[in-house]
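>>> Just a sequence and a predicted model for now, questions to come.
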Amino acid sequence: MQSILDKAMIASRYLLVVFFGGLVVALAIYAVGFLKKLWKFATNAANGADNQQLLDLLHLLDAALVASLVVMVAVSSYDSLVNPLGAKEGEKDVAWLAAVDPGNLKLKLATALIAISSIHLLQIFMEIGNYDDRAVTWGLAIHGMFLLGALVLGLVDRITAASKKAGKL
């Protein structure tokens, strides 16, 4: 009975393929929206004001960061939880793409969230007249929480690495 349960638990990891596949589909849909924004940016490049062009460019940058975040999570999670990528002979080596350990992934995610949050804050500051004090304060507070979270993650990662190193000595 125990061996059946063990095999079922190990096989359940393949259910994650549905989620990672869903992320790939969502990314493709998001790419269509990105292309629409890119077309709008290109067609308005000669006519728009500098501030508007910068805001539109920040929207494109924001979309690229979000897409990178999705790829990072999907690829590294699939590689570590479902099936190692590029593990078969004759396949193109993709180890560089999937070589993100869970601790490193958390820090990369936190960094990407901070970058996205920074872009949103910059957009708010460039159009400060369109936002009330409460919205600006909340934007700053949320960004501060992302920064604090990243610092805590980095500190925990450093402590963990130091304790592992001390344990091996």
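Perfect, thanks for sending it. In this text the structure is predicted, and so the values were computed from the model without any measurement. Numbers count the residues shown, from 1 in each chain.
>>> mind checking which helix or strand of the protein has the lowest mean pLDDT?
Using mean pLDDT, DSSP states H and E, helix 95-98 stands out as the lowest-scoring helix or strand of the chain, at a mean of 54.
>>> What separation is there between the residue nearest the centre of the chain and Phe146?
Among the residues of the chain, Leu69 comes closest to the average C-alpha position under CA atoms, centre = their mean, at 2.0 Å. With the distance defined as CB to CB, to the nearest Å, Leu69 ends up 13 Å from Phe146. Bear in mind the C-beta positions are built from the backbone N, C-alpha and C, glycine included.
>>> ok, now Leu109?
In terms of CB to CB, Leu109 sits 10 Å off from Phe146.
>>> Show me the strands in this protein, by range?
With strands called from DSSP state E, the chain shows none.
>>> Give me the domain ranges for it.
Structural domains assigned to the chain are 1-100, 101-169, following automatic domain parsing.
>>> Please name the residues that touch the nearest residue to Leu69 once chain neighbours are set aside.
Spatial nearest neighbour of Leu69, chain neighbours left out: Ala112 (4.6 Å); criterion: CB to CB, 6 or more residues apart in numbering. With contacts defined as CB atoms under 8 Å, 6 or more residues apart in numbering, the neighbours of Ala112 are Leu65, Ser68, Leu69, Met72.
>>> one more time with 7 Å, if that's ok
Contacts for Ala112 (CB atoms under 7 Å, 6 or more residues apart in numbering) come out as Leu65, Ser68, Leu69.
>>> Need the pLDDT of the last one.
Right, Leu69. Listed pLDDT for Leu69 reads 86.
>>> How about the one 10 residues further on?
Here the pLDDT value assigned to Asp79 is 77.
>>> so it makes contact with Leu85?
Yes. Between Asp79 and Leu85 there is a contact under CB atoms under 7 Å: 4.8 Å.
>>> which stretches of this structure have low pLDDT?
86-103, 168-169 (pLDDT under 70).
>>> let's see 50
Across the chain, the ranges flagged by pLDDT under 50 are 169.
>>> so where do the helices sit in it?
Taking DSSP state H to define them, one finds helices in the chain at 2-11, 16-44, 50-81, 95-98, 102-126, 133-168.
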